[in-house]
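# Sequence plus the predicted model coming up.
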Amino acid sequence: MDNQQPAIVANSLTKRFGDFIAVDDVNFEVRRGEIFGFLGPNGSGKTTTIRMTLGLMKPTSGGVQVLGMDVDGDTARIRPRVGYMSQRFSLYNDLTVLQNLHFYGAAYGLKNAELQESIQSALEMAGLEGREHAKTKDLSGGWRQRLALSAAILHRPEVLFLDEPTAGVDPVSRRAFWDLLYQLIAEGITVFVTTHYMDEAEHCHRLAFIQRGRIIAYGSPAEIKSGMMRGQVLEIAPSDAVAAVNALRAARESGSLPIEEVELYGSLVHLVAPDIKRQQRAIENTLRQAGIHTGHADIIEPSLEDVFISAMKA
Ligand SMILES: Nc1ncnc2c1ncn2[C@@H]1O[C@H](COP(=O)(O)OP(=O)(O)O)[C@@H](O)[C@H]1O
Ligand SMILES: [Mg+2]
């Protein structure tokens with residue numbers, strides 16, 4: 001097996017639904033052994049791209065290769081070598097954890113000792129031991145997500161596709177889920193994962209950011225940050241962050257404050273401009289006039305979230 005060969009190559013992948021272009025000339029390459037993130041807001045074309053990549057939907061034009069094979073022609077040869085966790089975790093709620101794993105294992109053609117062994121290692125990997133006999137419907141979102149992941153890797157796929165595996169899952173379980181993905185990578189699996197949580201971008205080795213069907217950023221987090229950020233980020237911790245955002249945006253709109261972005265980050269505010277330090281006095285004055293204390297103010301390394309917000313508006 002040639003490990004230098006990319007796991008996935010998408011070439012001008014395009015999908016139209018009538019006049020609507022859901023996936024628009026999408027190109028990317030996923031390397032072997034990496035976690036590749038496919039990020040984008042709801043409706044941006046993530047699931048449609050996965051479905052074409054798995055051969056579940058035909059592209060309108062363009063094509064995709066998985067493990068060096070054309071998806072269009074070699075679907076039957078590709079299927080046993082990939083795993084897929086779909087967006088709605090297709091688990092059987094009335095079955096127990098073990099019954100679900102038996103069902104999926106059998107569907108992949110696993111039998112007897114091999115099936116038992118796969119199930120055991122999947123249970124261990126996901127930390128589901130002790131829950132084998134729990135009904136799936138009684139599991140929390142986080143545990144259902146782990147079960148769905150176990151089911152998708154029973155046949156030891158080389159490439160794993162995960163469609164929004166962390167959607168609607170609590171932050172602690174999300175974090176634990178990413179740790180599981182790193183374990184899979186350590187075992188040599190390639191992971192293609194979609195998410196609409198921008199903060200998850202930092203966990204990916206490389207990623208593509210898709211908006212309205214088009215890729216607007218592509219590369220490692222560091223490459224994307226250095227290539228796309230149009231200014232410096234000033235982070236402030238004002239006494240009232242929401243009021244501060246409103247006051248700063250009003251000042252920007254009136255032309256009295258030459259800054260490009262004002263974004264709320266919890267109780268903090270991020271401001272972006274090419275030379276933000278020079279605006280600091282004007283920012284403080286704007287806030288003081290609105291009765292808001294600026295709090296601490298620091299130039300920070302932009303997060304990918306800053307970069308995407310800035311790119312989405314460009
Ligand atoms: N079968 C379909 N027919 C028409 N429009 C569709 C179909 N599937 C998806 N779409 C549209 O394509 C866009 C992208 O959808 P999708 O790939 O599911 O986005 P995401 O997974 O990023 O949320 C959405 O606007 C969606 O409504
Ligand atoms: Mg989707």
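Done, it's in. Computed from a predicted model, the values in this text were never measured in an experiment. Numbers count the residues shown, from 1 in each chain. Ligands and ions are numbered 1, 2, ... in the order given.
# So which other helices or strands are in contact with the lowest-mean-pLDDT helix or strand in the chain?
Lowest by mean pLDDT, DSSP states H and E among the helices and strands of the chain is helix 304-313, with a mean of 78. Applying 3 or more C-beta pairs under 8 Å, 6 or more residues apart in numbering; DSSP states H and E, one finds that helix 304-313 contacts strand 206-211, strand 214-219, helix 221-228, strand 261-265, strand 268-273. Bear in mind the C-beta positions are built from the backbone N, C-alpha and C, glycine included.
# same for the next helix or strand after the longest one, what does it pack against?
Going back to what we said before, that points to helix 221-228. Downstream of helix 221-228, the first helix or strand assigned by DSSP states H and E is strand 232-236. Secondary-structure packing of strand 232-236 (3+ C-beta pairs under 8 Å, 6+ apart): strand 268-273, helix 280-289, strand 297-300.
# Adding distance to ligand 2, mean pLDDT and mean neighbour count, write these out as TSV.
TSV is the format used below for the helices and strands packed on strand 232-236 (distance: least, C-beta to the ion, whole Å; pLDDT from 0 to 100; neighbours: other C-beta atoms under 10 Å):
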stretch	distance to ligand 2	mean pLDDT	mean neighbour count
strand 268-273	28	92	22
helix 280-289	39	95	16
strand 297-300	31	91	12
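# can I get these in TSV with distance to residue 185?
Below are these laid out as TSV (distance: least, C-beta to C-beta, whole Å):
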stretch	distance to residue 185
strand 268-273	31
helix 280-289	42
strand 297-300	29
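# mean pLDDT for the helices and strands packed on helix 304-313: which is lowest?
Ranked by mean pLDDT, these end with helix 221-228 at the bottom, a mean of 83.
# Can you give me the buried ones in that helix?
Under the neighbour-count criterion of 16 or more other C-beta atoms under 10 Å, helix 221-228 has 221, 224, 225, 228 buried.
# Output those residues in CSV, with distance to residue 212 appended to each entry.
Output for these, formatted as CSV (distance: C-beta to C-beta, whole Å):
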residue, distance to residue 212
221, 22
224, 18
225, 22
228, 17
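# Please spell out which residues along stretch 105-120 are buried.
Residues of stretch 105-120 classed as buried: 105, 108, 110, 115, 118, 119 (neighbour count, 16+ other C-beta under 10 Å).
# Also stretch 34-48?
Neighbour-count burial for stretch 34-48 [16+ other C-beta under 10 Å]: 34, 35, 36, 37, 38, 39, 40, 44, 45, 46, 47, 48.
# And for stretch 59-69?
59, 62, 63, 64, 65, 66, 67.
# Which one of those residues is nearest to ligand 1?
Nearest to ligand 1 among these: residue 59, at 12.6 Å, using C-beta to the nearest ligand atom.
# How about the residues of the stretch 51-200 of the chain by ligand 1?
Residues of the stretch 51-200 of the chain lying near ligand 1 by C-beta under 6 Å from any ligand atom: none.
# How about the stretch 51-200 of the chain: which residue is closest to ligand 2?
residue 87 (5.0 Å; C-beta to the ion).
# Run through the bridge partners of the nearest residue to that residue once chain neighbours are set aside.
Once flanking residues are discounted, residue 87 sits nearest to residue 163: 4.3 Å by C-beta to C-beta, 6 or more residues apart in numbering. Assessed by DSSP bridges, residue 163 has beta-bridge partners residue 194.
# if I look at the spatially most central residue of the chain, how far off is residue 31?
The residue lying closest to the centre of the chain (C-alpha atoms, centre = their mean) is residue 195, at 3.0 Å. Per C-beta to C-beta, to the nearest Å, residue 195 is found 19 Å from residue 31.
# Stretch 49-58: which residues count as buried?
Result for stretch 49-58 [16+ other C-beta under 10 Å]: buried residues 49, 50, 51, 52, 53, 54, 55, 57.
# average pLDDT for it?
Here the average pLDDT along stretch 49-58 is 95.
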